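[1] Everything below, folded, please.
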Amino acid sequence: MKLHRIILLASVSSVAVSEAATILENTTTPLAGVPYRWEVGMDGTDSATFSRHVGAWSWEDESLFPNPGDPVVGWTHTSDWAVVTISDASRFTLRIERDASVPWPGAGEPDRLASVASMYPSFTVWSGADIDGTQVHTYNNRGNVAWAEDLTFLDFTDNSTLGFVEKSWDLPAGQYSIVLGSNSPATDNDRQGYKAILTTVPEPGAAMLLLCGLAGSCVRRRKA
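    Next up is the predicted model:
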């Protein structure tokens, strides 16, 4: 997957700023695999920021699973997806917050901005990237996604009360997929503005411990 270096990218509905990272916005939704809106490459101590809008109940729509035992899902095409390539073992931090400055122009309203009244940032993280196969309109936001077989579930944050969320992980170099959206009752039809801030700080020791944990064992050398 090719990543292009962009210092500043802006359109009628999104803004991306990179201090060193590479950011590519796909303004045409990919039709195969995960519909990645954003492609980000990060190297060493790095940061990237992008803003856009999502549906108010994009990450989780409780009306889709009204009965006990129904699969918990979100909407694939009203959420935003990002694939992040980390070149070095890093402490990776993701912060998503409300952004009331995101353009959302409409008919007769060229200066309209996206709402934040129902923006409760929530996200899921997987290792890997999936760029082939059929898309489905909903996705499992708390585990592996059946139609995105190249992704392996890592973590999620379910938020329905706060205007921002932030979390960090010690990750080895590789590709990671993130879906972000809002977890609001299905009553607000306005698009909701968000800002995502991604940072990396080299953490080779922590990433090695993670790899040892995944492998189930780790060999340490003792000093003579």
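[2] Where do the helices of the chain begin and end?
    Using DSSP state H, the helices of the chain run over residues 204-215.
[3] So in terms of bridging, what pairs with residue 73?
    With DSSP bridges applied, residue 73 shows beta-bridge pairing to residue 140.
[4] Spit out the contact partners of the residue nearest the centre of the chain.
    Centroid-nearest residue in the chain, with C-alpha atoms, centre = their mean: residue 178, separated by 3.0 Å. By C-beta atoms under 8 Å, 6 or more residues apart in numbering, residue 178 lies in contact with 81, 82, 83, 84, 94, 123, 124, 125, 126. In this view, the C-beta of every residue, glycine as well, is placed from N, C-alpha and C.
[5] number of nearby residues for residue 104?
    With neighbours defined by other C-beta atoms under 10 Å, the count for residue 104 comes to 18.
[6] State the distance from it to residue 110.
    Distance, residue 104 to residue 110, using C-beta to C-beta, to the nearest Å: 10 Å.
[7] same thing with residue 22?
    31 Å.
[8] okay, and for the protein, where does confidence drop off?
    Of all residues in the chain, those with pLDDT under 70 make up the ranges 1-19, 204-224.
[9] please redo it, this time with the cut-off set to 90
    Within the chain, the ranges that satisfy pLDDT under 90 run 1-20, 29, 203-224.
[10] Strands of that one, residue ranges please.
    8-10, 15-18, 22-25, 36-42, 46-54, 73-75, 80-86, 90-98, 121-127, 138-140, 152-157, 164-171, 174-182, 192-202 (DSSP state E).
[11] which residues touch residue 74?
    58, 59, 60, 61, 138, 139, 141, 179, 181.
[12] what's the neighbour count on the third one?
    Each residue near residue 60 was counted by other C-beta under 10 Å, and the total is 26.
[13] What distance do you get for the nearest residue to it once chain neighbours are set aside to residue 98?
    The spatial neighbour of residue 60 that comes closest, neighbours along the chain excluded (C-beta to C-beta, 6 or more residues apart in numbering), is residue 183 at 4.5 Å. As for residue 183, its distance to residue 98 is 13 Å (criterion: C-beta to C-beta).
[14] Same question for residue 31.
    In this view, residue 31 and residue 98 are 30 Å apart by C-beta to C-beta.
[15] now do residue 191
    Summarising the geometry, the distance separating residue 191 from residue 98, computed by C-beta to C-beta, is 12 Å.
[16] same check, this time on residue 151
    Taking C-beta to C-beta as the criterion, residue 151 is separated from residue 98 by 27 Å.
[17] got a list of what residue 31 touches?
    Contacts for residue 31 (C-beta under 8 Å, 6+ apart) come out as residue 135.
[18] I am finished for the moment; much appreciated.
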